[in-house]
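Engineer: Quick one, what's the 3D model for this:
(chains A and B)
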Amino acid sequence: MNTKPQKDRTYPRNFHQAKWDEPVIFELHREGERGLLVPQAEGAIVNQVGDGTSCLPEKMRRKKPPALPEVSQMRVLKHFLRLSQQCLGADINVDIGQGTCTMKYSPKIHEVLARMPEVTALHPFQDEDTVQGALEIVHKLDCFLREISGMDQFSFQAGGGSAAILAMASVIQAYHEARGEAAKRDEIITTIFSHPSDAAAAAVKGYRIVTLYPNEDGYPEVDALKKAVSERTAGLLITNPEDTGIFNPDIDTFTRIVHEAGGLCGYDQANANGILGMTRARDADFDLCFFNLHKTFSSPHGCGGPAVGALGVTERLKSYLPVPIVEFKDDKYVLNFDLPQSIGKIRGFLGNFSVVLRAYAWVVSLGAEGLKEAARVAVLNNNYVLKKIRELRGASAPYAEGKHRIEQVRYSWEELAEETGVTTEDVICRMADFGFHLWTSHHPFVVPEPFTIEPTESYSKDELDEYLAGLAQIVEEAHTNPDKVKNAPYRSVVHKIDPSTLDDPETWAITWRSYLKKKAKKK
Amino acid sequence: MNGKHKFTHPYIPNSVPDVKSQMLADIGIEDIAELYEDIPDRLRFKGKLNLPDPILSESELKRHIHHILSKNLTCASHISFLGGGCWQHYVPAICDEINQRAEFLTAYAGEPYEDHGRFQALFEYQSLMAELLDMDVVNVPTYDWCQAAATAIRMAERITGREEVLCADTLSPERLSAIRNYCHPVMRVEYVKHVPGTGLMDMADLKAKISGKTAAVYFENPSFFGFLESQGDDISSLAHANGALSLVGVDPISLGVCEPPSHYGADIVCGDIQPLGMHMSYGSGQAGFIATRDEARYVMEYPSRLFGITGTSEQGEWGFGDVAYERTSFAEREHGKEFVGTHTALWGITAAVYLSLLGPSGIQELGKTILQKCQYGQQKLAEIERIKVPRFNGAHFKEFVVDFSATGLSVSEINTALRQKGIFGGKDLTQDFPDLDACALYCVTEIHTKEDIDRLVSAFDEIVGTKKEKGHTK
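Structural biologist: Next up, the predicted model:
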C-alpha cells in the first residue's frame, strides 16, 4: 500500500542508481574459461591446407597470444549488463540536461527495423540492383531533407556533425580552388556560440578562424561581421539558433555580407529541432547546411555514435559533394560517382545507413504537420523550463532579457556560486543523486558557471517538473547546507572522482595494462 | 495535432491541448507562435512541406519500411565473398544483446557519475584493444578506418613538424581518397610503388622517396589486396632512420595469428573494429581505432576522447574520466587537436564485448580458421583453368585478388552470372586499378563453409571454363 503523504508539489524522487562495484574485465580473468567457441575449419579443408598458420612468414607469425582475459560467457554478459545498468540513457533519464544535443525519444520500432537482416546483412559493395530498398530509403530521405531545408542535394556520408562540418569546409575550399582563389581566401568566420567543431574542423583544412562574439543582448552583430569579412574570407560556418537558444534575426544579412565578400555560407543545423518547418536554410540564402540525424531526426546517440551529419548543398555545389550520391534514374536507384569536382570521401562507403533508415522512419511517422508540432512543442517545453528556472534563486539566463528562446537555453549559476559557493560542477554532481544529468557548456565558458538545457518535444510536463524540482531542491540545499551539494554525489554509481591523475603523463592510465605498469613502478 | 488528425502523437506528450494551455499560461503567452518572435517574417517558411502523409500507426510503419527493405538481396540469403573494408564475420549474440541495451543505446555525454558504465566499458574497450595491439594507448573509436588513418597521418605531421606522407600505393581507393581530402592542403600525399608480382612495397622506391621532409610512411597489414606486407620491420627502420614515423593500418581480427605492428616498429597503428562484433549493415558497422605508445608526445596529439582510470573519494572505488581533456577541440576549439564530436562509441563497447568473449584462445583459433578457409578457397580456385589466384604471390589473410583476364569475361559479367547462382562475387577492382583489369577482391572468413567455397568453385567452373588437368595445378 502506498503510504506516502499526498504531494502538494513535485519533489525529486527517492532515487538510487545501480551500483555493482563491478571489477574491470581483466580482474575477472580465470585461466581456462571460455566465452565463445569459434568455428573450426572442416576436416577436408585441414587435410588440404594444414594448420593454416604455417603459410605465414616467420616474422609475421604472432609468438605470444594477446593477454585478453579468459571469462565464461554468462560472466561476460553479466559484466556488461551491470555496466549498462550503471549508465543513464535517455530512455531512463529525463535527459533534458544535455543541451545542444537534442536528447529526444528514439522510437523502439526503429531498432527493430534497423536490426532486420535486410539491413544488417547488406554489404556496401553489393551491386546496385541488389540494394534497391536501401537506396530508396537514402534517396527518399534526401528528398525529405531537401524539402525541410530548401537545399538541392544531400549526402549522408559524414559519420557525425563534426565530419559534416569538415565536409562543408572541404567543399568551400574546393569551390575557391576551382575559381583560383583558394590561396588568398584562407579565413573561415564563425561565432563563439556555434559548436567548437565549426572552428576546429575548418582549421584542419588549414583555415585561419575568425570568431565573432555576440553583443550584450547575445545577438551576433552585423557590424562585427562587416569588420571581419575581407578578400581573405572563404566562408561562414554558423549555427542558428546559437547554443544560447537565441535566433539571429539578421542571419540573411550575414549571408549577404559574406556572399558580397565572395565567400560561401554553411549552416550548422545542429540546433534545428525548434525550427523544423518554420524557417529554412534556403530562406536565409545558405549555400550548404547539415542536420544531425542522431539528434534532430531521432536516431539514438549510442554513447556517442554511430551518427550521421546529413550534408545538403545548393545546385551549384552539388558536383563538390563526397561520392557517391544516390539518384533515381530510369525507374531505378543508382549510385552516382561522377561528380567532377568532388572532394572525394569523407568516410568509407555510403555512411551510416542504419542511422539514415531511422531518420527516414521518424519523418514518415510525423509528416509535415507532425514535424512542425515536434518543433513547436520543443520550443514550448523550453520556454516553460526557462520560465521556471528564472524563478530559481541564483539562476539566470544571460542575454536577450525578457525574450523567449527557441529550443534550448544556456543558463548561469553565477549568482548561486557567489552567494553560496556552490558551482555548476557541484550542482551537476548533486543532480546525479536524483537520476538526472546536467551539462555545462562547450569551452570557453563565455557564460560563467554555465549549464545548458534542451527539453526537446519528448518529455511530458510532469517529467519537466520533476527535473525542475531536482534543481529547486539543490538551490535550497545550497543556501541551507552547501556542503551537502559540494560533497555529492551520494546515490549515484560512484563518489567524487579524483581527477588529479588524469592530466599527468606519469600517472594517467588510458588502458588497464598501463595502469598496472604505473602502479608497479610506484611501488 | 492540427488538421484532420485529432489526437496526440505518441512521441509528443505535451501536444495534449490542456497541457499545452496550462504551459502557455505558465509562460504568460497565448500562442506558441509568440515564442518565435525573433524569426522575422521574411525568413518564415509559409508553404507546406511537401512530405508524404504520415504513417501514424507503428504497425503500418513497420509494414511500409519492411516492404521497401524487402527489395534488398542480402548476404544472409546469398553467399557473399565481398570484403574490401567491410567484412562478414559472425556476430555473437551477446554483442547485440549489449548494444541494444537502452542504457547504452540512448546515452550520450553524461558525467562519469551517472554514466560510470559508459566510461568503464569504453576504458575496457581501449584496454582490450591494447592487448590485441600490444600498445599502451588506444582512443575512444573514431568514425572508421579512413578517419583513423587520416588522423594518424596528421598526428605524425604535428609530432615531426613535417608535411609529407608516403603511402603504399596498394591502399583502398576509398581510404586514400579520404586521406587526401583530410590532408589537403596542409600535407602532401605521395605514393610508394609496389613490386608487381608480390604487391609488397618496393623498397628501392621507398628509399628514393623518403627524406628529411617525410613525416611518416603509411602501409597496411594485411593490405587491401589481402597479402601480408612482410617487410614491416625494414619499412619502419627506414622511416626511423629518416626521422619519420612508421604508421600501420591493420585488421584487428588478424592479430590472433599475425604479429601486431608494434612488433615491427609501428609508432601509430590504426584500423577498423567492424570485424569485432559489428554487423555490416551496408557500411554502418565501421569504427576506427588509433593506438600508440604511452608517451606524452603521442598522447597529446590525439584528437579523440581518451578515458582513464582513477580513484574516487571512496577507498577502493574505480572512477573514470577524460585524460588530458585540454588537448581536445571541446576545450580549445580551433587550437585543439583536429576535432572531436560524435563518433562510434557504441561500436567500441560492442568490440569490448567481442574481445572479452573471444579471449586469447578464441582470437587465435578464429585467425587460424580464417587462414585455413582462405587458403582452401585460393587453392580450389587456382584449379580452374584461366583464373589466376592469387594475383599477388605470398601469404594472405582473409582476402585475395582473383584475376579473370584470361577468361575474356569482365568481372561485372562474372558477378552477374554468379548472382543468378545465389552468390555475390568479389569486389570489382577494374575501375580503380588500371593494372588489375578483370580482377576482383575475394573475401573468405570463418562464416564460409567448405560447401560455400565449393559452390563458388563449381559456379566458376560453369561460368568461365573447365578445371585444369591434374599436374598443371601448383
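
Engineer: So what's the gap between the lengthiest strand in chain B and the chain middle?
Structural biologist: Ranked by residue count and defined by DSSP state E, the top strand of chain B is strand B:214-221. Chain-centre distance of strand B:214-221: 18 Å, with Cα atoms, centre = their mean, to the nearest Å.

Engineer: What is the subsequent helix or strand relative to the biggest strand by length in chain A?
Structural biologist: For chain A, the strand with the greatest residue count under DSSP E is strand A:233-239. Next helix or strand after strand A:233-239 toward the C-terminus (DSSP states H and E): helix A:251-260.

Engineer: element containing residue 297, please.
Structural biologist: As the question left the chain open, I've gone with chain A. Counting by DSSP H and E, A:Phe297 is part of no helix or strand.

Engineer: that answer is for a different chain, and I need it for chain B
Structural biologist: Using DSSP H and E, B:Arg297 falls in helix B:296-299.

Engineer: again with A:Tyr515
Structural biologist: Assigned by DSSP H and E, A:Tyr515 falls in helix A:512-522.

Engineer: ok, and for that helix, which residues are buried?
Structural biologist: A:512-515, A:518 (16 or more other Cβ atoms under 10 Å in any protein chain shown). Yep, even glycine has a C-beta here, placed from its N, CA and C like the rest.

Engineer: Contacts for that helix, please.
Structural biologist: Helix A:512-522 has contacts (Cβ atoms under 8 Å, 6 or more residues apart in numbering or on different chains) with A:24, A:26, A:67, A:506-509, B:123-124, B:127, B:130-131, B:136-137, B:294, B:309.

Engineer: Which single one of the residues you listed is nearest to A:Lys388?
Structural biologist: B:Phe123 (37.2 Å; Cβ to Cβ).

Engineer: Confirm for me that that closest one is in contact with B:Leu306.
Structural biologist: No. Applying Cβ atoms under 8 Å, one finds B:Phe123 not in contact with B:Leu306, separated by 9.4 Å.

Engineer: Apart from its neighbours in sequence, what residue is nearest A:Pro499?
Structural biologist: Spatial nearest neighbour of A:Pro499, chain neighbours left out: B:Gly321 (5.5 Å); criterion: Cβ to Cβ, 6 or more residues apart in numbering or on different chains.

Engineer: mean confidence score for the helix of greatest length in chain B?
Structural biologist: Secondary structure assigned by DSSP state H gives helix B:345-382 as the longest helix of chain B. Here helix B:345-382 scores 98 as its mean pLDDT.

Engineer: who's more crowded, B:Phe123 and B:Leu306?
Structural biologist: B:Phe123 (28 against 25; other Cβ atoms under 10 Å in any protein chain shown).

Engineer: what's near enough to touch that one?
Structural biologist: B:Phe123 touches A:24, A:510-512, B:307-309, B:320, counting by Cβ under 8 Å, 6+ apart.

Engineer: did I read that right, A:Gly266 in a strand?
Structural biologist: Yes. When DSSP: H, G, I helix; E, B strand; the rest coil is applied, A:Gly266 is found to be in a strand.

Engineer: Now do the domain split for chain B, please.
Structural biologist: Annotated domains of chain B cover B:13-69, B:79-85+B:364-464, B:93-354 [automatic domain parsing].

Engineer: Pick the most deeply packed of these.
Structural biologist: When the domains of chain B are scored by mean count of other Cβ atoms under 10 Å in any protein chain shown, the highest mean neighbour count falls to domain B:93-354 (a mean of 23).

Engineer: In the stretch 151-300 of chain B, which residue sits nearest chain A?
Structural biologist: B:Gly283 (3.1 Å; Cβ to the nearest Cβ).

Engineer: Just give the nearest non-adjacent residue to that residue, would you?
Structural biologist: A:Phe349 (3.1 Å).

Engineer: SS state for the one you found?
Structural biologist: coil.

Engineer: one step back: pretty sure the residue nearest to A:Pro499 sits against B:Asp115.
Structural biologist: No. Assessed by Cβ under 8 Å, B:Gly321 is found out of contact with B:Asp115, at 11.1 Å.

Engineer: measure A:Val427 to chain B for me?
Structural biologist: Look at A:Val427 and chain B: by Cβ to the nearest Cβ, to the nearest Å, they are 11 Å apart.

Engineer: can you pull the contacts of the residue nearest to B:Gly283?
Structural biologist: A:124-125, A:157, B:85-86, B:174, B:282-283, B:286.

Engineer: just B:His448 next, same as before
Structural biologist: With Cβ under 8 Å, 6+ apart, B:His448 has these contacts: B:79, B:81, B:373, B:377.

Engineer: did I read that right, A:Ser411 in a strand?
Structural biologist: For the record, residue A:411 is Tyr, not Ser. Yes. Counting by three-state DSSP, A:Tyr411 is part of a strand.

Engineer: any idea how far it lies from A:Asp252?
Structural biologist: 29 Å (Cβ to Cβ, to the nearest Å).

Engineer: out of the two, which sits in the busier spot?
Structural biologist: Of the pair A:Tyr411 and A:Asp252, A:Tyr411 is the one with more neighbours under other Cβ under 10 Å, namely 28 against 17.

Engineer: And the pLDDT at that one?
Structural biologist: 98.

Engineer: what's the answer for the one 5 residues further on, then?
Structural biologist: Looking at A:Leu416, its pLDDT stands at 98.

Engineer: give me the number of residues near the nearest residue to it once chain neighbours are set aside?
Structural biologist: Closest residue to A:Leu416 apart from its sequence neighbours, by Cβ to Cβ, 6+ apart: A:Gly394 at 2.9 Å. Residues within reach of A:Gly394, counting by other Cβ under 10 Å, total 20.

Engineer: For A:Gly394, give me its contacts.
Structural biologist: With Cβ under 8 Å, 6+ apart, A:Gly394 has these contacts: A:413, A:415-417, A:419-420, A:475, A:478.

Engineer: same thing but 10 Å
Structural biologist: A:412-420, A:422, A:427, A:449, A:474-475, A:478-479 (Cβ atoms under 10 Å, 6 or more residues apart in numbering or on different chains).

Engineer: Neighbour-wise, which one of those leads?
Structural biologist: A:Trp413 (30 neighbours).

Engineer: so where do the strands sit in chain B?
Structural biologist: Using DSSP E, strands in chain B cover B:79-80, B:137-138, B:164-168, B:188-192, B:214-221, B:245-250, B:268-272, B:288-292, B:307-311, B:318-322, B:399-403, B:423-424, B:427-428, B:439-443.

Engineer: Export the last one to CSV, keeping only CA atoms.
Structural biologist: Same thing as strand B:439-443. C-alpha atoms of strand B:439-443 as CSV (Å, rounded to 0.1, in the frame of the first residue of the first chain):
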residue,chain,number,x,y,z
CYS,B,439,40.5,-8.6,-61.3
ALA,B,440,38.2,-8.9,-58.2
LEU,B,441,38.9,-9.0,-54.5
TYR,B,442,37.5,-12.1,-52.8
CYS,B,443,37.0,-12.4,-49.1
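
Engineer: Quick check: which helices or strands does that strand pack against?
Structural biologist: helix B:345-382, strand B:399-403, helix B:411-420, strand B:427-428 (3 or more Cβ pairs under 10 Å, 6 or more residues apart in numbering or on different chains; DSSP states H and E).
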